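Student: no sequence for this one, just the structure:
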């Protein structure tokens, strides 16, 4: 198996819990209360700024100009691409960006981003990529699964979220992360792989915590 296939397999128990979580299922069947989605939207918007900072560390730690361009493009994709989905919903819910910055990150949100940033500061390009990949890949998986549910992608409120993460554009961006991870870690030692797996599974667990946090509206 490739490194990414091994990582994917290692995270499957956690990702299955994500797919079965009532928050995610509520997006898929349209039953999620809007106030829960509003809470999630605000927290995830704050999360994405730190997510972009993790990508920016890839620029700092890269010596190859092509890698620097890759990470730079992804920073732009987050700040001016993925955040478009959030801004569209914020407009529909009457949330301004000023309002977002009055919100404090919830404890689990701060723990997640602090972990990614800590791992990336201490490590190299591989650690940056693997800490990022759990979020990107699990969202691609959720988007694809929910989009297959009858009527989910056409839902008047949650359909835009589902189609955004199920889109070919988003999945292409995620696949580029998968491909680069395999390229950089090809032939790595088992010790190195185990360290990468620990990071990947830990970030996957944080993803599950994020859904639970949003379901319970945790401070």
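Tutor: Ah, there it is. These numbers come from a predicted model, not from an experiment.
Student: what about residue 155, distance to residue 111?
Tutor: As for residue 155, its distance to residue 111 is 31 Å (criterion: C-beta to C-beta, to the nearest Å). Backbone N, C-alpha and C define where each C-beta goes, glycine included.
Student: next one: residue 147
Tutor: Residue 147 is 30 Å from residue 111, where distance means C-beta to C-beta.
Student: And residue 219, by the same measure?
Tutor: Distance from residue 219 to residue 111, by C-beta to C-beta: 13 Å.
Student: The two: which is more packed in?
Tutor: Between residue 219 and residue 111, counting by other C-beta atoms under 10 Å, residue 111 is the more crowded of the two (14 against 8).
Student: Determine the three-state secondary structure at the residue lying closest to that one once chain neighbours are set aside.
Tutor: Counting by C-beta to C-beta, 6 or more residues apart in numbering, residue 111 lies nearest to residue 206, which is 7.1 Å off, once chain neighbours are set aside. Here residue 206 is recorded as helix under DSSP: H, G, I helix; E, B strand; the rest coil.
Student: what's the neighbour count on residue 206?
Tutor: Residue 206 has 21 nearby residues by other C-beta under 10 Å.
Student: and the gap between it and residue 87?
Tutor: Separation of residue 206 from residue 87 (C-beta to C-beta): 24 Å.
Student: Retrieve the pLDDT associated with residue 193.
Tutor: Per-residue pLDDT puts residue 193 at 98.
Student: burial measure for it, as a count.
Tutor: 16.
Student: Next, work out how far apart residue 95 and residue 53 are.
Tutor: Distance, residue 95 to residue 53, by C-beta to C-beta: 22 Å.
Student: between these two, who's got more neighbours?
Tutor: More crowded of residue 95 and residue 53, by other C-beta under 10 Å: residue 95, with 18 against 15.
Student: so the more buried one sits right up against residue 34, yeah?
Tutor: No: counting by C-beta atoms under 8 Å, residue 95 stays clear of residue 34, with 11.8 Å between them.
Student: Find the residue at the geometric middle of the protein.
Tutor: residue 135 (2.7 Å; C-alpha atoms, centre = their mean).
Student: elements contacting the helix or strand where it lies?
Tutor: According to DSSP states H and E, residue 135 maps onto helix 125-147. Applying 3 or more C-beta pairs under 8 Å, 6 or more residues apart in numbering; DSSP states H and E, one finds that helix 125-147 makes contact with helix 3-20, helix 22-29, helix 34-61, helix 107-122, helix 159-166, helix 168-185, helix 190-216.
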